[in-house]
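# sequence and predicted structure below; questions after.
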Protein chains: 2
Amino acid sequence: MTNDYPVPDMADVELVDVLRAVADPIRLRIVTVLGDGEPHSKSAPDWGFDVQKSTLAHHFKALREAGITRTIVEGRSHAIQLRRAELDARFPGLVDALTHAGAAAD
Amino acid sequence: MTNDYPVPDMADVELVDVLRAVADPIRLRIVTVLGDGEPHSKSAPDWGFDVQKSTLAHHFKALREAGITRTIVEGRSHAIQLRRAELDARFPGLVDALTHAGAAAD
DNA sequence: AGCATAGTTCGATCGTTATCAAACTATGCA
DNA sequence: TGCATAGTTTGATAACGATCGAACTATGCT
């Protein structure tokens, strides 16, 4: 019941696909917020972007399919979280560079 | 006569624009090659991509306008070079993350 | 001057994608 | 069971961007 929302195997994730995913203002801000490593609710109002919730859902999906995030389902509420350790192993330094060099490895 | 091809002030360069520029297979490979810091000829055959030279010129322009590269004109031949020091100062670790990742997935 | 070479720019095409609104699914609650 | 809530999916639209070929610009060479 938990863990629908499949993520790609990190070994299959290509750098250019990760870059395409974060090369969007909204998705880059999402990743920046996720830089703390914690799960964050997908609740649209919480994010405060000026887009509809369907658009936000589209961005969350893009990040997950690019291998950047995972989705955590708990009841009716979904949270999104960076796949930090895996990303750091596959693309050293990338997440740090994107999130403006905030420390906190895994 | 020399040094047309204007580049943006690095202070005005936004991360998301840099990411959009490198979020393309050809441009990412160009940046990887430019990672040595040296100027490289724009000569299409030298690069060996399977695109026309007009397409390659489009990619060079995209990189320059994103603030990633500069163009060096000498006679009839043009060279392209990473703005490495400026990029490293503005986006610490980014160029390293982009250029070191290719080694794993070849 | 005339011609070749190196690279750019232009105009068109075509695929991709960000966006919205509406319909849908799944869960929790009374 | 019925209803509200949280989020997703679908279908449509519109803008963007990668690509090509052809025309153009600038430089060097004879």
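On my side now, so go ahead.
# point to the residue nearest the middle of chain A.
The centre of chain A sits closest to residue A:69, judged by C-alpha atoms, centre = their mean, with a distance of 3.6 Å.
# which residues touch it?
Applying C-beta atoms under 8 Å, 6 or more residues apart in numbering or on different chains to residue A:69 gives the contacts A:7, A:34, A:60, A:63, A:80-83. Any C-beta I mention is one placed from the backbone N, CA and C, and that applies to glycine too.
# now do the SS call for the nearest residue to it once chain neighbours are set aside.
Of all residues not flanking residue A:69 in the chain, residue A:63 sits nearest, at 4.5 Å (C-beta to C-beta, 6 or more residues apart in numbering or on different chains). Classification of residue A:63 by DSSP: H, G, I helix; E, B strand; the rest coil places it in helix.
# give me the neighbour count for residue A:63.
By other C-beta atoms under 10 Å in any protein chain shown, the residues close to residue A:63 number 24.
# restricted to helices, list the contacts of residue A:69.
Filtering those for membership in helices, criterion DSSP state H, returns A:34, A:60, A:63.
# go ahead and confirm the first one touches residue A:41.
It refers to residue A:34. No - applying C-beta atoms under 8 Å, one finds residue A:34 not in contact with residue A:41, separated by 11.5 Å.
# so which of these two has more stuff around it?
Between residue A:34 and residue A:41, counted using other C-beta under 10 Å, residue A:34 has the larger neighbour count: 21 against 14.
# which residues does the more buried one contact?
Residues near residue A:34 by C-beta under 8 Å, 6+ apart: A:40, A:69, A:80-82.
# which among those residues end up buried?
Buried members of those, scored by 16 or more other C-beta atoms under 10 Å in any protein chain shown, are A:40, A:69, A:80-82.
# what's the closest of the residues you listed to residue A:95?
Nearest to residue A:95 among the buried ones among the contacts of residue A:34: residue A:82, at 6.9 Å, using C-beta to C-beta.
# report pLDDT for the closest residue to residue A:35 other than its chain neighbours.
Leaving out its chain neighbours, the residue that sits closest to residue A:35 by C-beta to C-beta, 6+ apart is residue A:99, at 3.3 Å. Listed pLDDT for residue A:99 reads 95.
# do the same with residue A:105
On pLDDT, residue A:105 comes in at 37.
# do the same with residue A:56
pLDDT, read off for residue A:56, is 98.
# what strand or helix carries it?
Taking DSSP states H and E as the definition, residue A:56 sits inside helix A:53-65.
# how far off centre is that helix?
Distance of helix A:53-65 from its chain centroid, counting by C-alpha atoms, centre = their mean, to the nearest Å, is 9 Å.
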